[in-house]
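A.B. asks: Need coordinates for the below:
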Amino acid sequence: MTRLSVNINKVATLRNARGGNNPDVLKFATDCERFGAEGITVHPRPDGRHIRYEDVRALKPLVKSEFNIEGYPDLAFLDLIAEIKPHQATLVPDPPDALTSNAGWDTVKHFDFLKEVVKLIQNSGVRVSIFIEPNKEKIYKAADIGADRIELYTEPYAADFEKNPQQAVHPFVEGAIWAQDAHLGVNAGHDLSLENLHYFANKVPHLQEVSIGHALICDALYFGIENTIQMYRRQLILV
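C.D. replies: Below is the predicted model:
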């Protein structure tokens, strides 16, 4: 079954709104694992508006499931990865002031840069995933770069799901097949939710992991975090 990694950035956003330590990001992460999450994802940004670098350091000894750190691979991020050595580093092309990730890497244009970065991270014993759109040339270039996995950027799927689920998911089915052919693992994330996750997981082959934050945390306000994690895990059961 596809693994569920919970992105806890929004919990840190709520904490930062008032200062102090409520909600407790560290406790929340360990509770998510206790309630069934199979991974914890964080995305520290230079402005520290949600997860901060010190949070990542504090989480390192506490996270017992898969620890996934997302970010743009500048020097500070690369130093953090070398220090923490998470299970996975997911590279995103966000500029520092981006509100959220809104595009995948152009692995053709940034081939040389990404090849150097991927090798550097892998030398620390960390698996590398590249955030990418379901484009055949870009996926095969990700393999040439030396990435271990790709993370399919699923906002277009989520945006089109209600209108035509079959049409919305088709590029991602193709993308996962191309990735498998290129010997890349397949992750996915961005705007996946209780409404669209089950269909996606059942249609997209070789899907190893989904990273979900915003929708899951919003649902937890209504259903509670323990119940919500179980609800999301049930969406990943293949039928």
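A.B. asks: Next up, the contacts around the residue nearest in space to the middle of the chain.
C.D. replies: Of all residues in the chain, the one closest to the mean position by C-alpha atoms, centre = their mean is residue 211, 4.0 Å from it. Going by C-beta atoms under 8 Å, 6 or more residues apart in numbering, residue 211 touches 5, 6, 7, 39, 41, 68, 70, 90, 151, 187, 188, 189. In this view, the C-beta of every residue, glycine as well, is placed from N, C-alpha and C.
A.B. asks: how near is the last one to residue 155?
C.D. replies: As for residue 189, its distance to residue 155 is 9 Å (criterion: C-beta to C-beta, to the nearest Å).
A.B. asks: Could you do the fifth one as well?
C.D. replies: Here the criterion is C-beta to C-beta. By it, residue 41 lies 16 Å from residue 155.
A.B. asks: Comparing these two, which residue is more hemmed in?
C.D. replies: The residue with more neighbours, out of residue 41 and residue 155, is residue 41; 27 against 17, by other C-beta atoms under 10 Å.
A.B. asks: Does anything pack onto the host helix or strand of that one? Which helices or strands?
C.D. replies: Using DSSP states H and E, residue 41 sits within strand 39-42. Applying 3 or more C-beta pairs under 8 Å, 6 or more residues apart in numbering; DSSP states H and E, we find strand 39-42 packed against strand 3-7, helix 25-34, helix 53-59, strand 66-71, strand 207-212.
A.B. asks: need the longest helix for the chain.
C.D. replies: Of all the segments of type helix in the chain, defined by DSSP state H, the longest one is helix 165-181.
A.B. asks: and that helix with strand 207-212, angle?
C.D. replies: Using axes from the mean of the first three to the mean of the last three C-alpha atoms, to 10 degrees, one finds that helix 165-181 and strand 207-212 are set 120 degrees apart in direction.
A.B. asks: Just the buried residues of helix 165-181, please?
C.D. replies: 168, 169, 171, 172, 175, 176, 177, 178, 179 (16 or more other C-beta atoms under 10 Å).
A.B. asks: wait, the fourth one sits on residue 187?
C.D. replies: Same thing as residue 172. No - judged on C-beta atoms under 8 Å, residue 172 makes no contact with residue 187 at a distance of 11.6 Å.
A.B. asks: which neighbours do these two share?
C.D. replies: Common neighbours of residue 172 and residue 187 (C-beta under 8 Å, 6+ apart) are residue 152.
A.B. asks: rewinding a little: for the longest helix of the chain, name the packing helices and strands.
C.D. replies: helix 136-145, strand 149-153, helix 155-160, strand 185-189, helix 197-203.
A.B. asks: So which of these is nearest residue 54?
C.D. replies: For residue 54, the closest of the helices and strands packed on helix 165-181 is strand 185-189, at 24.3 Å, according to C-beta to C-beta.
A.B. asks: Adding mean pLDDT and distance to residue 195, write the helices and strands packed on strand 39-42 out as a markdown table.
C.D. replies: Listed next are the helices and strands packed on strand 39-42 as a markdown table, based on pLDDT from 0 to 100; distance: least, C-beta to C-beta, whole Å:
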| stretch | mean pLDDT | distance to residue 195 |
| --- | --- | --- |
| strand 3-7 | 98 | 16 |
| helix 25-34 | 98 | 21 |
| helix 53-59 | 98 | 29 |
| strand 66-71 | 98 | 23 |
| strand 207-212 | 98 | 12 |
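A.B. asks: Run through the bridge partners of residue 41.
C.D. replies: residue 7, residue 68 (DSSP bridges).
A.B. asks: re earlier: from the rest of the structure, what touches the strand holding residue 41?
C.D. replies: In contact with strand 39-42 (C-beta under 8 Å, 6+ apart) are residues 3-9, 29, 32-33, 51, 55-56, 59, 63, 65-70, 87, 90, 209, 211, 213.
A.B. asks: so how many other residues sit close to residue 137?
C.D. replies: Other residues close to residue 137 by other C-beta under 10 Å number 11.
A.B. asks: Nice, that's everything, thank you.
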